[in-house]
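**Student:** A predicted structure for the sequence below; I have some questions about it.
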There are 2 protein chains.
Amino acid sequence: MSLRYALLGIILKKPVTGYDVVRIFKQQMIYFWSSTHSQIYTELHKMENDNLIDHELVIQEALPNKKVYSLTDTGKKDLIRWAIEEPLKPAKIKDNFLIKTTIFPFLSVVEIDKLLDEVIEREDKILSMTKKWQEHFNSQEERDVGTILTVEYGIRYSEMYLEWCKWAKQYINEIK
Amino acid sequence: MSLRYALLGIILKKPVTGYDVVRIFKQQMIYFWSSTHSQIYTELHKMENDNLIDHELVIQEALPNKKVYSLTDTGKKDLIRWAIEEPLKPAKIKDNFLIKTTIFPFLSVVEIDKLLDEVIEREDKILSMTKKWQEHFNSQEERDVGTILTVEYGIRYSEMYLEWCKWAKQYINEIK
DNA sequence: CTTATATATGTCTTTTTAGACATATGAAAC
DNA sequence: GTTTCATATGTCTAAAAAGACATATATAAG
């Protein structure tokens, strides 16, 4: 049920197409929510059915037609109500890599290093993409508070992860 | 499909009951995976059906009977195979609170502070529980590498979150 | 005395999510 | 010329997950 509030949060900023929502979602929300385009399109239909959003069809000559979604009054009220009233739920994390630490006692230092290096590489990429996005975002005129806060969160998360990886490598090398 | 490898990782350390698995899971894995007891019991049945684990029934007088699960050879091999071969997947996070930042432009400093204080309280509790668990764990004789690494991860994650919250409070107070 | 907590294991239904399948065009790259 | 990428929107099925429903006893707390 929270996905729809993430989507409402995107559409709140400015009217966008489903395609835009997917793109914005993957660029700006990966740090705290995950979804796929199929789920997003389906949820948008449900939200429109529940009168939280509506759309205007824009006919394009060359490119495919598009539906530009906007929040309805109901949608905006419901989003703000949700944000204030919805009780805090603990964050849910699904991190495949950290499960792998359970078998570290059965692996060699080389094998563990290989796994950790993979994660470092991945997280390095994410971090530099996030920093790039932050830089681009900072150059804009209309900067919303939400994005300022969550981009910073994304950077801190990746930095923490990378520092932990480096600490883990050192720790493994000391004890093995 | 990854849940089963998290569960195999728990049972690998020592034979345990489903009830134990749930408890260990919630104490030691909340930092990187989430599940419920209903899903865990169901998955254990499937895993036994796939010959990854088996159980010994222990009849108890006062307390209910229990099933003590152990890894089979197949189970252990499959877990190690998975850890080495399974390609890295990006971590998936579902954090209800961070969605709420999208409506911060429509809230007063007082309202935002209230939301952030709630998270700080929650995260403080988690952090002190984790530190307590780390202390207890460090006093044991058999300390497995996996737990040493993931507990440290949990602490770093909570600390990062708390620092971000404090930064966010300060930032909001400066601009509003 | 009554209530809550810990032990212990399950099922059932609904919702959420993932991933594949499906289509169509323009533009750019090679 | 052909392939890949970006635009744009969807459906369908299977798997994963959440949450309620279900039961039973001992012990500790109030």
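**Tutor:** Right, received. Where do you want to start?

**Student:** how about residue A:39, secondary structure?
**Tutor:** helix (DSSP: H, G, I helix; E, B strand; the rest coil).

**Student:** distance-wise, check it relative to residue A:111.
**Tutor:** 36 Å (Cβ to Cβ, to the nearest Å). Using the backbone N, CA and C atoms, a C-beta is placed for each residue, glycine as well.

**Student:** ok, residue A:80 next?
**Tutor:** 50 Å.

**Student:** and the spatially most central residue of chain A, which of the three is it?
**Tutor:** Nearest to the geometric centre of chain A sits residue A:30, at 1.6 Å (Cα atoms, centre = their mean). Under three-state DSSP, residue A:30 falls in the coil class.

**Student:** let me know the pLDDT of it.
**Tutor:** Residue A:30 is assigned 93 on the pLDDT scale.

**Student:** just residue A:142 next, same as before
**Tutor:** For residue A:142, the predicted pLDDT is 84.

**Student:** cool, and residue A:68?
**Tutor:** At residue A:68, pLDDT is 98.

**Student:** in contact with the residue in chain A that DNA strand C sits nearest to, which residues?
**Tutor:** Across chain A, the shortest distance to DNA strand C (Cβ to the nearest atom of the strand) belongs to residue A:38, at 3.1 Å. By Cβ atoms under 8 Å, 6 or more residues apart in numbering or on different chains, the contact list for residue A:38 is empty.

**Student:** then residue A:95?
**Tutor:** B:32-33, B:91-92.

**Student:** buried ones among those residues?
**Tutor:** Buried subset of these (neighbour count, 16 or more other Cβ atoms under 10 Å in any protein chain shown): B:32-33, B:91.

**Student:** format these as JSON lines; extra columns: distance to DNA strand D.
**Tutor:** Below are the buried ones among the contacts of residue A:95 laid out as JSON lines (distance: Cβ to the nearest atom of the strand, whole Å):
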{"residue": "B:32", "distance to DNA strand D": "12"}
{"residue": "B:33", "distance to DNA strand D": "8"}
{"residue": "B:91", "distance to DNA strand D": "12"}
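
**Student:** pull up the residues of chain A that are close to DNA strand D.
**Tutor:** With Cβ under 7 Å from any atom of the strand as the criterion, chain A meets DNA strand D at residues A:17-20, A:22-23, A:37-38, A:41-42, A:44-45, A:60, A:63-67, A:92, A:94.

**Student:** of those residues, which belong to helices?
**Tutor:** Among the residues of chain A next to DNA strand D, the members falling in helices (DSSP state H) are A:18-20, A:22-23, A:37-38, A:41-42, A:44-45.

**Student:** are any of these buried, and which?
**Tutor:** Buried by 16+ other Cβ under 10 Å: A:18, A:20, A:22, A:44, out of these.

**Student:** mind picking the two most distant members of these?
**Tutor:** Taking Cβ to Cβ, the two most distant members of these are A:20 and A:44; they sit 11.0 Å apart.

**Student:** restrict the contacts of residue A:95 to those near chain A?
**Tutor:** With Cβ under 8 Å from any Cβ of the partner chain as the criterion, these include B:32-33, B:91-92 near chain A.

**Student:** switch the residues you listed over to CSV; also include distance to DNA strand C.
**Tutor:** CSV is the format used below for the ones next to chain A among the contacts of residue A:95 (distance: Cβ to the nearest atom of the strand, whole Å):
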residue, distance to DNA strand C
B:32, 15
B:33, 13
B:91, 11
B:92, 5
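
**Student:** element containing the nearest residue to residue A:124 once chain neighbours are set aside, please.
**Tutor:** The shortest distance from residue A:124 to any non-neighbouring residue, by Cβ to Cβ, 6 or more residues apart in numbering or on different chains, is to residue A:162 (6.9 Å). Secondary structure assigned from DSSP states H and E places residue A:162 in helix A:145-175.

**Student:** which parts of chain A belong to which domain?
**Tutor:** Domains of chain A are assigned by automatic domain parsing as A:3-85, A:96-175.

**Student:** just send these back as JSON lines, with distance to residue B:136 too.
**Tutor:** Formatted as JSON lines, these follow (distance: least, Cβ to Cβ, whole Å):
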{"stretch": "domain A:3-85", "distance to residue B:136": "31"}
{"stretch": "domain A:96-175", "distance to residue B:136": "19"}
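
**Student:** before we move on, what SS does residue A:57 have?
**Tutor:** Classification of residue A:57 by three-state DSSP places it in strand.

**Student:** that one pairs with what?
**Tutor:** residue A:67 (DSSP bridges).

**Student:** about what we covered before: quick check: the farthest pair among the ones in helices among the residues of chain A next to DNA strand D?
**Tutor:** Largest separation among those by Cβ to Cβ: A:23 and A:45, giving 18.4 Å.

**Student:** and the domains of chain A: which comes nearest residue B:137?
**Tutor:** The minimum distance between residue B:137 and the domains of chain A falls on domain A:96-175, with 14.1 Å, by Cβ to Cβ.

**Student:** does DNA strand C have contacts with the closest one?
**Tutor:** No - Domain A:96-175 is not in contact with DNA strand C by Cβ under 7 Å from any atom of the strand; minimum separation 10.5 Å.

**Student:** next one: stretch A:4-16
**Tutor:** No - Stretch A:4-16 does not reach DNA strand C (Cβ under 7 Å from any atom of the strand); its nearest approach is 8.0 Å.

**Student:** how far away from the center of its chain is stretch A:135-152?
**Tutor:** On the basis of Cα atoms, centre = their mean, to the nearest Å, stretch A:135-152 sits 15 Å off its chain's mean C-alpha point.
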